[in-house]
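A.B. asks: Sharing a model prediction with you, sequence too.
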There are 2 protein chains.
Amino acid sequence: MKRSFIREILEYIDSDTISFAGGLPDVSLFPLDELQKAAQRVLENADSLQYGHSTGYAPLKEQIAKYYRDRGFPTVAENILITSGSQQGLDIICRYYSGTSIAIEKPSYLGALNIFRLNNLNRFDMPLSQDGIDSDLFRKSILQTKLAYLIPDFQNPSATCYTDKNRKEIARAIRDSQIVLIEDSPYSELYFDMPHNSISQLVPEQSYHLGSFSKMLAPSLRVGWIRADKALLSPLIAYKEAMDLHTSGISQRIISEYLKDGKSFRKHLQKLRTSYRKKMNFFCEKLDLYLPDFEYTRPRGGMFIYGKLKGVDTVKLAKICLGKGVVFVPGAEFNGASDEIRFNFTNSSFEEISEGLKRIKSSL
Amino acid sequence: MKRSFIREILEYIDSDTISFAGGLPDVSLFPLDELQKAAQRVLENADSLQYGHSTGYAPLKEQIAKYYRDRGFPTVAENILITSGSQQGLDIICRYYSGTSIAIEKPSYLGALNIFRLNNLNRFDMPLSQDGIDSDLFRKSILQTKLAYLIPDFQNPSATCYTDKNRKEIARAIRDSQIVLIEDSPYSELYFDMPHNSISQLVPEQSYHLGSFSKMLAPSLRVGWIRADKALLSPLIAYKEAMDLHTSGISQRIISEYLKDGKSFRKHLQKLRTSYRKKMNFFCEKLDLYLPDFEYTRPRGGMFIYGKLKGVDTVKLAKICLGKGVVFVPGAEFNGASDEIRFNFTNSSFEEISEGLKRIKSSL
């Protein structure tokens, strides 16, 4: 199996290299003090260090269930399986369905592509449009598959946000079929204008909804979850148990303690949205200045800007840029076109954004 | 797939039930204050919350490598892959070799049996003797397999500790063959008289050595590792990455910070050995008093006492005992005989040990 371009790159670049590659949050925005205080309280209780339940820390499962209920999606703790990041959530599901087939967006998240390979899932690619996935194409594709994998909110890598109309059409197609949807939603809270309802809540009995604290809070904690109907969720528990017994209890309890004060979390999310929108706008300004030929749509949320440098081989360009101290991910890594590029705009400072785009310009 | 008896039981028993079932450490012995201080220092640095490398936190890998070197087993950081518990370490290896075959001890660790099933590994059972695995039997078994899975130190469930002579014979058999050894060593540091050299260090190019902080420090952190030659280790990295990107960064950094003061860890291990030996001796006294027909060998380390109630169906007995508020794991769960039992002696208090064994006596 091949390793991910991004993760291999991340391990070898030095600190002078400006990275628009990984989907890394802005390190300066982590609620460090509050998580430190939460950890302190968690480690006053020796039970925090003992083995926990395979399905997750009960209070955290209830907090996540409430998060769904507050958004109009009826959910109880038994609908939640805590996983070691949503990466593991996706792997657990795909392992359970291994050897079957899956309809996916083109381009798609490269960590997911690796999981599909690992689990011998036969892939049917569906090219993304501005609105999401054309519903006729979707209906046709799922005739041949058992699963569909979609990232409707600020998709990785394309930043596409499905329209409400498209979400409803896709839900209808799912209801008319036997397939199960895997809806991956790591960026849903990182909207710049308005939040969107999930497709899963329109088809609760035919969907796995994947959530994660990696982008909302802190990736190093490695805590995500699967939300699903009990009938869909329960066979996965034995897999989770065999795979790592349970997710880090310390990570789970720190998050649970932090979430107790709901106001802090709401304020933190608001801060992320404001700050990321500002960075995105700055990145777009500099793109228009230094790379005027780069064709893209300004994202309405998430962490990425995706577009095209018509006719440029972006794998070759990436290698030249690496030599000049700036990295990005070529579209080909996501099963995208050979002249496409994904930029992450959240991790670099304003100065690095300017300097990095200047270096790319000089590599063209 | 079936869930583990122990983990399902753990989720449903109430706090009045005395459990000799799970392999749970004594909660009162966790170095809570020191881990709290370590967490505090870790969370002074925002980088602790960012994504990390798939192979693990570099300083921790180096600390683990040094741990091996101090024990006469030449090792560098590149030989270490940090995993989400050694459970995940075993799953990664077995997934890489999925569909092949494996020689294992009978009885064996039930979490491993689940992993072998999950990865479609054809199992060849080798009955354990007092000394380990008969080397002729071992040579014959590995003719038919690609892998061997052994727990030479205070085996789970049988508490068997391989003799030095047996370790050398097995290493010789491995060298004479093409197979790869998976040596699982979660209990190695929990010796009551003396430590033992691993088999892996006799066959470093044909072995994966699995380690874990779960029994030495705290299971909720979910940090283990694979130690192997670079050629064996490197294809596993892409699997680890696809499975959960990396192990909890917070967990890894807390451990690394704690280990910086080597003296604390050495003192802690000494305390565990003294305390567990005392509990083991107490458990054996009470066993001899309340269940004089229970045939067993007093363990020389680890967390378990394993033996036989001749002719008693211990699955039936376990169900009766559950009703009386005491649980243990019947041997059948480990691929052992139907009249065998595994008792964990580390997790219960002295009072609970007495009371629990009394309840079992009254269930016979």
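C.D. replies: Done, it's in. Numbering: from 1, shown residues only, chains lettered A, B, ... in the order given.

A.B. asks: CA atoms for contacts and neighbours, from now on please.
C.D. replies: Noted.

A.B. asks: Now do the helices in chain A.
C.D. replies: A:5-12, A:32-42, A:58-70, A:85-96, A:110-118, A:135-142, A:164-175, A:230-244, A:249-259, A:262-290, A:314-323, A:350-363 (DSSP state H).

A.B. asks: deepest of those, which one?
C.D. replies: Ranked by mean neighbour count, the helices of chain A are led by helix A:85-96 with a mean of 24 (mean count of other CA atoms under 10 Å in any protein chain shown).

A.B. asks: re the thing from before, and the helices of chain A: which comes nearest B:R95?
C.D. replies: Minimum separation from B:R95 across the helices of chain A (CA to CA) falls at helix A:110-118, 9.3 Å.

A.B. asks: That closest one - contacts with which helices or strands?
C.D. replies: If contacts are counted by 3 or more CA pairs under 8 Å, 6 or more residues apart in numbering or on different chains; DSSP states H and E, helix A:110-118 sits against helix A:85-96, helix B:230-244.

A.B. asks: a markdown table for those, including mean pLDDT and distance to B:V327?
C.D. replies: Output for those, formatted as a markdown table (pLDDT from 0 to 100; distance: least, CA to CA, whole Å):
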| stretch | mean pLDDT | distance to B:V327 |
| --- | --- | --- |
| helix A:85-96 | 98 | 30 |
| helix B:230-244 | 97 | 33 |
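
A.B. asks: one step back: any chance of JSON lines for the helices of chain A, columns distance to B:I226?
C.D. replies: Converted to JSON lines, the helices of chain A look like this (distance: least, CA to CA, whole Å):
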{"stretch": "helix A:5-12", "distance to B:I226": "19"}
{"stretch": "helix A:32-42", "distance to B:I226": "28"}
{"stretch": "helix A:58-70", "distance to B:I226": "30"}
{"stretch": "helix A:85-96", "distance to B:I226": "19"}
{"stretch": "helix A:110-118", "distance to B:I226": "20"}
{"stretch": "helix A:135-142", "distance to B:I226": "40"}
{"stretch": "helix A:164-175", "distance to B:I226": "42"}
{"stretch": "helix A:230-244", "distance to B:I226": "14"}
{"stretch": "helix A:249-259", "distance to B:I226": "21"}
{"stretch": "helix A:262-290", "distance to B:I226": "37"}
{"stretch": "helix A:314-323", "distance to B:I226": "32"}
{"stretch": "helix A:350-363", "distance to B:I226": "37"}
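
A.B. asks: And those helices: which comes nearest B:L317?
C.D. replies: Using CA to CA, those put helix A:230-244 closest to B:L317, at 24.9 Å.

A.B. asks: Check whether the closest one comes near chain B.
C.D. replies: Yes. Helix A:230-244 reaches chain B (CA under 8 Å from any CA of the partner chain) through A:235, A:237-239, A:241-244.

A.B. asks: Contact residues of the stretch 151-300 of chain A facing chain B?
C.D. replies: Within the stretch 151-300 of chain A, the positions near chain B by CA under 8 Å from any CA are A:218-222, A:235, A:237-239, A:241-251.

A.B. asks: rerun at 6 Å
C.D. replies: Neighbours of chain B within the stretch 151-300 of chain A, by CA under 6 Å from any CA of the partner chain: A:218-222, A:238, A:242-244, A:248-250.

A.B. asks: Pick the one among the residues you listed closest to B:A112.
C.D. replies: A:A242 (7.9 Å).

A.B. asks: List the contacts of the closest one.
C.D. replies: B:I115 (CA atoms under 6 Å, 6 or more residues apart in numbering or on different chains).

A.B. asks: again, but for A:S251
C.D. replies: Contacts here follow CA under 6 Å, 6+ apart; on that basis A:S251 touches A:L221.

A.B. asks: distance of it from A:L90?
C.D. replies: Distance of A:S251 to A:L90, given as CA to CA, to the nearest Å: 19 Å.

A.B. asks: What of A:G307?
C.D. replies: 26 Å.

A.B. asks: Check A:I151 too.
C.D. replies: 12 Å.

A.B. asks: Which residue does the stretch 251-364 of chain A have closest to chain B?
C.D. replies: Per CA to the nearest CA, A:S251 is where the stretch 251-364 of chain A lies closest to chain B, at 6.9 Å.

A.B. asks: sorry, back to before: now render the residues of the stretch 151-300 of chain A next to chain B as a markdown table, adding distance to B:R139.
C.D. replies: Formatted as a markdown table, these follow (distance: CA to CA, whole Å):
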| residue | distance to B:R139 |
| --- | --- |
| A:A218 | 50 |
| A:P219 | 46 |
| A:S220 | 44 |
| A:L221 | 44 |
| A:R222 | 42 |
| A:A238 | 34 |
| A:A242 | 29 |
| A:M243 | 30 |
| A:D244 | 31 |
| A:S248 | 39 |
| A:G249 | 41 |
| A:I250 | 43 |
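
A.B. asks: how about those, which pair is most distant?
C.D. replies: Farthest pair in these, by CA to CA: A:A218 and A:A238, 27.2 Å.

A.B. asks: any idea of the mean pLDDT in stretch A:173-186?
C.D. replies: The pLDDT scores in stretch A:173-186 average 98.

A.B. asks: Same question for stretch A:105-125.
C.D. replies: Here the average pLDDT along stretch A:105-125 is 97.

A.B. asks: So which residues make contact with that stretch?
C.D. replies: Outside stretch A:105-125, the residues within contact range by CA under 6 Å, 6+ apart are A:91, A:95, A:98-104, A:126-128, A:156, A:334-336, B:242.
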